[in-house]
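Enquirer: Below: sequence and its predicted model.
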Amino acid sequence: MSPGLARLRAWLQASRLPSQSYIALPLLLGQFIAVHATGGALRMGTLVAVQLFGVLDQLFIVYANDWADQETDRRNRTATVFSGGSRVLVEGRLSPRALGTAAIVCAVALVGVSVGLAVVHRAPLLGVLAVAAVALLWAYSYPPLRLSYRGGGELLQMLGVAGVLPLYGYLAQGGALADFPWALTVMLWPTHLACSIATALPDEPSDRDSDKRTLPVRVGGERAAWVIVALNGLTWALAPRGLASVGLEVGAALGVPMAATLAVVGVRPAPPGSWRIQARVAAAITATLAMVAWPLLGLVWP
């Protein structure tokens, strides 16, 4: 393999592109909520700019988090496709300096895209939300807060994907802040928190060695799985009011996240390093993405 191709493959590995689904869907949901609320047409140029913001945000997150977690990732012997970082620093495929520089470039670029959107659409909150997105990652991975280690990192992830991102997409497409359907966002908070907890399940041994206070470290993987079920159950309980806020109703589609959630506790025991833990995490992610896709598809094809 040529050095250039090897470097390209290393950057693709570092970019962890499948995790873009966590970012892209909430941004799309916010945009289609705005189209539904205003009765206007989807601004295609804005759609592209918003999703570009999402790509830059996701790259900033994975690059900066890899840089911050490199010592913990070196201790990780149970990494999966869902967790444990991209491994490019552990395997020496990229340097910390290159990855750190790329993270800074992405952070500056996502703020720049947001400032441009804010000026064009006279929506200054877009710039504020972009800075908030950067600040949430900083509070998650870096001092003085470093909440991924001290506890509460899962809550920051929830605020980012279920709060900042839908609101960003909504405002960019011309939605009025006063009309934002907070009930729908609140409905999605518990399942996003459940997803954040799930992706920490495989890393429990190395997180424990590194004094990370994730929920699986504090209560154990099996108990954490039941917390995931309870949080998804709370989202289902909030679904009638949340969906009604955008003119939708509960239907048979709820069966998808329900079945996936049952699989979270149905696949057991699921120790870190086993195929069962990957199946458990995949089921939890499926449950959350299905809950986000449900209202999104209902708004796209009413």
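Expert: Sure, I can see it. Numbers count the residues shown, from 1 in each chain.

Enquirer: only C-alpha atoms for contact and neighbour calcs from this point on.
Expert: OK.

Enquirer: quick check: mean pLDDT across stretch 2-16?
Expert: For stretch 2-16, mean pLDDT is 93.

Enquirer: ok, residues contacting that stretch?
Expert: 59, 62-63, 86-88, 93-94 (C-alpha atoms under 8 Å, 6 or more residues apart in numbering).

Enquirer: now, the most widely separated pair of the residues you listed?
Expert: Leu59 and Arg93 (17.1 Å; C-alpha to C-alpha).

Enquirer: Looking at these two now, which is surrounded by more residues?
Expert: Ranked by neighbour count (other C-alpha atoms under 10 Å), Leu59 and Arg93 place Leu59 first, with 24 against 16.

Enquirer: OK, contacts around that one?
Expert: With C-alpha under 8 Å, 6+ apart, Leu59 has these contacts: 15, 103, 106.

Enquirer: switch to 6 Å and redo it
Expert: Going by C-alpha atoms under 6 Å, 6 or more residues apart in numbering, Leu59 touches Ser15.

Enquirer: Work out the gap between the helix or strand containing it and the centre of the chain.
Expert: Element membership for Leu59, per DSSP states H and E: helix 44-68. From the chain centre to the centre of helix 44-68 is a distance of 11 Å (C-alpha atoms, centre = their mean, to the nearest Å).

Enquirer: just to revisit the earlier point, could the contacts of stretch 2-16 go into TSV alongside distance to Arg75 and pLDDT?
Expert: What follows is the contacts of stretch 2-16, written out as TSV (distance: C-alpha to C-alpha, whole Å; pLDDT from 0 to 100):
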residue	distance to Arg75	pLDDT
Leu59	23	98
Val62	18	97
Tyr63	18	97
Ser86	14	94
Arg87	11	94
Val88	14	96
Arg93	17	95
Leu94	18	96
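
Enquirer: Put the buried members of those into a PyMOL selection.
Expert: The following PyMOL line selects those of the contacts of stretch 2-16 that are buried, judged by 16 or more other C-alpha atoms under 10 Å:
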select buried, resi 59+62+63+86+87+88+93+94
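
Enquirer: Out of the contacts of stretch 2-16, flag the one nearest to Ala41.
Expert: Leu59 (29.4 Å).

Enquirer: how far does stretch 100-116 sit from the chain's center?
Expert: For stretch 100-116 - counting by C-alpha atoms, centre = their mean - the centre lies 18 Å from the chain centre.

Enquirer: Now do the buried residues in that stretch.
Expert: Of the residues in stretch 100-116, those buried (16+ other C-alpha under 10 Å) are 100, 102-103, 106-111, 113-116.

Enquirer: What separation do you get for the closest residue to Val164 other than its chain neighbours and Pro302?
Expert: Leaving aside its sequence neighbours, Val164 sits nearest to Leu129 (C-alpha to C-alpha, 6 or more residues apart in numbering; 6.3 Å). Separation of Leu129 from Pro302 (C-alpha to C-alpha, to the nearest Å) stands at 29 Å.

Enquirer: Comparing those two, which residue is more hemmed in?
Expert: Leu129 (19 against 10).

Enquirer: before we move on, what SS does Leu262 have?
Expert: The three-state label for Leu262, taken from DSSP: H, G, I helix; E, B strand; the rest coil, comes out as helix.

Enquirer: in which helix or strand would I find the residue lying closest to it once chain neighbours are set aside?
Expert: Ranked by C-alpha to C-alpha, 6+ apart and with sequence neighbours excluded, the top spatial neighbour of Leu262 is Val229, at 7.4 Å. Using DSSP H and E, Val229 maps to helix 221-244.

Enquirer: How about Leu155?
Expert: helix 153-159.

Enquirer: mind exporting that helix as PDB, just the C-alpha atoms?
Expert: Only the C-alpha atoms of helix 153-159 are listed here, as PDB (Å, rounded to 0.1, in the frame of the first residue of the first chain):
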ATOM      1  CA  GLY A 153     -20.500  13.100  30.400                       C
ATOM      2  CA  GLU A 154     -23.500  11.200  29.200                       C
ATOM      3  CA  LEU A 155     -25.700  14.100  30.100                       C
ATOM      4  CA  LEU A 156     -23.500  16.400  28.000                       C
ATOM      5  CA  GLN A 157     -23.900  14.100  25.000                       C
ATOM      6  CA  MET A 158     -27.600  14.200  25.500                       C
ATOM      7  CA  LEU A 159     -27.800  18.000  25.600                       C
END
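
Enquirer: Show me the contact partners of that helix.
Expert: Contacts for helix 153-159 (C-alpha under 6 Å, 6+ apart): 140, 147, 192-193, 196.

Enquirer: Just put those residues in CSV and tack on pLDDT, neighbour count and secondary structure.
Expert: Formatted as CSV, the contacts of helix 153-159 follow (pLDDT from 0 to 100; neighbours: other C-alpha atoms under 10 Å; DSSP: H, G, I helix; E, B strand; the rest coil):
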residue, pLDDT, neighbour count, secondary structure
Tyr140, 96, 26, helix
Leu147, 95, 23, helix
His192, 98, 31, helix
Leu193, 98, 24, helix
Ser196, 97, 24, helix
